[in-house]
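Engineer: here's my sequence, what's the structure:
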Amino acid sequence: MISTVVFMLTGTKLSFDVLGGIYLVFALGLIISHLYRWIIIELGWLEKDISSLIPRVALACILLAIGFHGVYIFIGNMAFGWKLAYTRSDANLVTWGMLFFIWSLIYFTYNFFQRFRKEEIKNLQLESAKNEYELRRLRDQMNPHFIFNAMNTIRALIDEDPSKAKRAVTQLSNVLRSSLQAGESDLIPLAKEIEIVKDYLEIEKARYEERLYVEWQIQPTTERVKIPPLLLQTIVENSIKHGIAQLPDGGKIFIESVADENAVDINIFNTGAYNPEATSDSSLGLENTRNRLNLSFGAKAWLTIGNHAENTVKTTIHLPFNSFQNDTSDSY
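Structural biologist: Purely as a prediction, here's the structure:
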């Protein structure tokens, strides 16, 4: 259409074959550009870095220019009787090649900014989820019920075992500090999370005494896997509150980590029974944990919970292998 306007402004007579050539260029350009876009998507060129992309795009532009030129002359000769040789007008090949290169530049630039925008949105969602999670954890941990139980446990220990009471104060301080600092890091090593959970469990063991038994089986190679802060503690706290605490004789919590070349599974077993239809803060906490996993790792990470064996609940946190390679600061 633009070419038609140009011809009219310059006073050039628009013959049938000239108009045909203009619309033929437009139609072929539309078809081949769509084919080129399909090839780019199918071959995953949008995910490649610029050093490997440039030679691919250059070769594609040359081949597309040759194909375009050949089809253009073939249809022109057949439909408009041009009688042009395929080897004629090599300058046109350069023109077609440059047009396809410009199209590629525009297309890849557009997709780059689209991906950049999506990453920005994802980061904003992650930040929002972190803030929401931090507020929820602060509310839960600063809950007067939690503080009351912990302080009562420590007060009872002061006369019975002063050194144990002193250690419990330190452990309570560590747990509360971890809640306050939860928003400072996107991911922390599993080893650091385990330290926090052990402090928390020591307080709970002082409270429940022989009603709570804890066992760990952590593969050393999994200690460097990165997880969202307080993720494991949320599950352990849920296991105690909705499992062990509901049983007159208490029960056991067993925590293990299992790794292969593709993924890491953190399994938490606790005595009790799981009711998937229950609507409580337990369900909200599990949903919040799933959202954090999804925002951090996408569909490659997930959480499941269910009744595993007689009077035992199993919760699994599945993490992708590439979380080993994350360079996020682990300062805490």
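
Engineer: what's the single longest helix in the chain?
Structural biologist: Ranked by residue count and defined by DSSP state H, the top helix of the chain is helix 90-141.

Engineer: tilt between the next helix or strand after it and helix 90-141?
Structural biologist: Towards the C-terminus, the helix or strand next in line after helix 90-141, according to DSSP states H and E, is helix 144-160. Relative orientation of helix 144-160 versus helix 90-141 (axes from the mean of the first three to the mean of the last three Cα atoms, to 10 degrees): 50 degrees.

Engineer: just to revisit the earlier point, list the helices and strands the longest helix of the chain packs on?
Structural biologist: Applying 3 or more Cβ pairs under 8 Å, 6 or more residues apart in numbering; DSSP states H and E, we find helix 90-141 packed against helix 16-42, helix 50-80, helix 162-180, helix 281-297. The way it works is simple: take the backbone N, C-alpha and C, and place the C-beta from them, glycine included.

Engineer: the same query, at a cut-off of 10 Å, please.
Structural biologist: helix 16-42, helix 50-80, helix 144-160, helix 162-180, helix 231-242, helix 281-297 (3 or more Cβ pairs under 10 Å, 6 or more residues apart in numbering; DSSP states H and E).

Engineer: columns mean pLDDT on top of the ones you listed, output as CSV?
Structural biologist: Converted to CSV, the helices and strands packed on helix 90-141 look like this (pLDDT from 0 to 100):
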stretch, mean pLDDT
helix 16-42, 78
helix 50-80, 80
helix 144-160, 75
helix 162-180, 80
helix 231-242, 87
helix 281-297, 77
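
Engineer: dump these into CSV; add distance to I194 and mean neighbour count as well.
Structural biologist: Formatted as CSV, the helices and strands packed on helix 90-141 follow (distance: least, Cβ to Cβ, whole Å; neighbours: other Cβ atoms under 10 Å):
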stretch, distance to I194, mean neighbour count
helix 16-42, 43, 14
helix 50-80, 40, 15
helix 144-160, 20, 13
helix 162-180, 12, 16
helix 231-242, 7, 22
helix 281-297, 17, 18
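
Engineer: out of the ones you listed, which comes closest to L126?
Structural biologist: L126 lies closest, by Cβ to Cβ, to one member of the helices and strands packed on helix 90-141: helix 281-297, at 4.6 Å.

Engineer: in terms of contact, does F112 touch K48 like I think?
Structural biologist: No - counting by Cβ atoms under 10 Å, F112 sits too far from K48 to count as a contact (11.8 Å).

Engineer: shouldn't L53 be in contact with S104?
Structural biologist: Yes - contact criterion Cβ under 10 Å: L53 and S104 qualify, at 9.2 Å.

Engineer: so what's in contact with these two at the same time?
Structural biologist: With contacts taken as Cβ atoms under 10 Å, 6 or more residues apart in numbering, L53 and S104 have I40, W45 as neighbours in common.

Engineer: what is the neighbour count of K48?
Structural biologist: By other Cβ atoms under 10 Å, 14 other residues sit near K48.

Engineer: ok, the closest residue to N174 other than its chain neighbours to R167 distance?
Structural biologist: Closest residue in space to N174, ignoring its immediate chain neighbours: D199 at 4.4 Å, by Cβ to Cβ, 6 or more residues apart in numbering. Distance of D199 to R167, computed by Cβ to Cβ, to the nearest Å: 10 Å.

Engineer: can you check F101 too?
Structural biologist: Going from F101 to R167 by Cβ to Cβ gives 69 Å.

Engineer: with I244 instead?
Structural biologist: Separation of I244 from R167 (Cβ to Cβ): 21 Å.

Engineer: over to I75?
Structural biologist: Between I75 and R167 the distance is 86 Å, computed by Cβ to Cβ.

Engineer: ok, now G29?
Structural biologist: For G29 relative to R167 (Cβ to Cβ), the value is 76 Å.

Engineer: then N311?
Structural biologist: For N311, the distance to R167 equals 32 Å [Cβ to Cβ].

Engineer: give me the number of residues near L201?
Structural biologist: For L201, the neighbour count with other Cβ under 10 Å is 22.

Engineer: what about E127, how many neighbours?
Structural biologist: E127: 13 surrounding residues under other Cβ under 10 Å.

Engineer: how close does it get to T289?
Structural biologist: Using Cβ to Cβ, we find E127 at a distance of 17 Å from T289.
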